[in-house]
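Chemist: I would like to see how this sequence folds:
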Amino acid sequence: MNKQAALEHFRSIPEKSLGEWRYRVFGAGEQTLLVIPGGELVNDFGFEFALAMADAHSVVYPAYPRAFSIEDLADGLRAILDAEGIRQVAILGVSFGGAVAQIFVRRYPNRVSELILSNTGVPLPHLAMPVHITYWIAKMIPWTLTSKLLRKPLLKTVDQSGTDHPFWASYLEELFSARLTKADILANILLQHDYHRRFRFTSEDLKDWNGRELIAESDTDVIGPSRRKALRDTYPQAKVHTFHNAGHAPMFTRYAEYLRMVEDFLN
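Modeler: Next up is the predicted model:
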């Protein structure tokens, strides 16, 4: 099945709604994987990975509503699990989703059996100001220009080789022209600013939690060595898988290796 057919198949899975949240629940496995998206905000960016995981797991894949705090997002995810009667999940938090996942496991540790933090970081106070500056720059620039500036690096992030350039170019055109707005992006940047400004994590936070942890990182990620070390130091018991030359999105650039990593960890 080519990517376009796989995306259409994925989108044929009915969406559910709970308040302002939209999400999909699919698959038939006994273990549930909660896939928390990154800054793309939508619930079909990782469609190929999600479909593959559904062969052996139940999958919950939400899209973010606009929120005032990361706690609101964590609480919304808990509400989805409650509505679906799901007691405990394995979590995959990708990029910004990793920030949400780290808040979630601290608020609701008994709801999490495994925690996978992929290409993400812990909150660091010195990053608050740069993120805040990014917010004001993005606020001043017209959305038509901002969306164009975002597409090129994002296209390179998910398709390093250029093999699937037409598909991803079309997907990103739809994403930025019909699905996301400037207000959505600005709200998410504010959440990232709040994350670095208000939160501090330590290796003692989850000492009474008996779940398992996996860190997925890339040696060529925009998240640099010092931030990757800070994440590993916060989760010293975590298994670490390092992708080589995979950029910020090994789920796409090293798809087979990434899928095997998650499956092996969960199994």
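Chemist: quick one: name whatever helix or strand follows the lowest-mean-pLDDT helix or strand in the chain.
Modeler: Of all helical and strand segments in the chain, the minimum by mean pLDDT, DSSP states H and E falls on helix 143-158, at a mean of 92. Per DSSP states H and E, the first helix or strand lying C-terminal to helix 143-158 is helix 165-174.
Chemist: just checking, what packs against the least confident helix or strand of the chain?
Modeler: Applying 3 or more Cβ pairs under 8 Å, 6 or more residues apart in numbering; DSSP states H and E, one finds that helix 143-158 contacts helix 165-174, helix 182-198, helix 250-253. (C-beta placed from N, C-alpha, C; glycine too.)
Chemist: hmm, 10 Å instead?
Modeler: Counting contacts by 3 or more Cβ pairs under 10 Å, 6 or more residues apart in numbering; DSSP states H and E, helix 143-158 is packed against helix 128-140, helix 165-174, helix 182-198, helix 250-253.
Chemist: mind listing residues that contact the last one?
Modeler: Looking back up the chat, that one is helix 250-253. Contact with helix 250-253 is made by 35, 38, 45-46, 48-50, 92, 94-95, 118-119, 156-161, 164, 168, 216-218, 220-221, 241-247, 257-259, 261-262, as judged by Cβ atoms under 10 Å, 6 or more residues apart in numbering.
Chemist: among the residues you listed, which are located in helices?
Modeler: Using DSSP state H, 48-50, 156-158, 168, 257-259, 261-262 are the members of those that sit in helices.
Chemist: got those as TSV, with neighbour count columns?
Modeler: As requested, these are exported to TSV (neighbours: other Cβ atoms under 10 Å):
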residue	neighbour count
Glu48	17
Phe49	20
Ala50	24
Lys156	16
Thr157	16
Val158	20
Trp168	21
Glu257	15
Tyr258	22
Leu259	15
Met261	20
Val262	24
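Chemist: list the buried residues in stretch 137-147.
Modeler: Within stretch 137-147, the residues that qualify as buried are 138, 143, 146-147, counting by 16 or more other Cβ atoms under 10 Å.
Chemist: pull the distance from that stretch to the chain's centre.
Modeler: 23 Å (Cα atoms, centre = their mean, to the nearest Å).
Chemist: list the buried ones in stretch 16-28?
Modeler: Buried residues in stretch 16-28 (16+ other Cβ under 10 Å): 21-27.
Chemist: could you do stretch 27-44 as well?
Modeler: Residues of stretch 27-44 classed as buried: 27, 31-44 (neighbour count, 16+ other Cβ under 10 Å).
Chemist: can you tell me which of those residues is nearest Ala54?
Modeler: Distance to Ala54 across the buried residues of stretch 27-44 (Cβ to Cβ) is lowest for Gly27, with 3.3 Å.
Chemist: tell me if I'm right that that closest one and His57 touch.
Modeler: Yes. Contact criterion Cβ atoms under 10 Å: Gly27 and His57 qualify, at 5.4 Å.
Chemist: what touches both of the two?
Modeler: Counting by Cβ under 10 Å, 6+ apart, the contacts common to Gly27 and His57 are 33, 50.
Chemist: just to revisit the earlier point, with distance to Ile86 as new columns, can the ones in helices among the contacts of helix 250-253 be given to me in a markdown table?
Modeler: Conversion of those to a markdown table gives the following (distance: Cβ to Cβ, whole Å):
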| residue | distance to Ile86 |
| --- | --- |
| Glu48 | 23 |
| Phe49 | 20 |
| Ala50 | 16 |
| Lys156 | 36 |
| Thr157 | 31 |
| Val158 | 29 |
| Trp168 | 32 |
| Glu257 | 28 |
| Tyr258 | 24 |
| Leu259 | 22 |
| Met261 | 23 |
| Val262 | 18 |
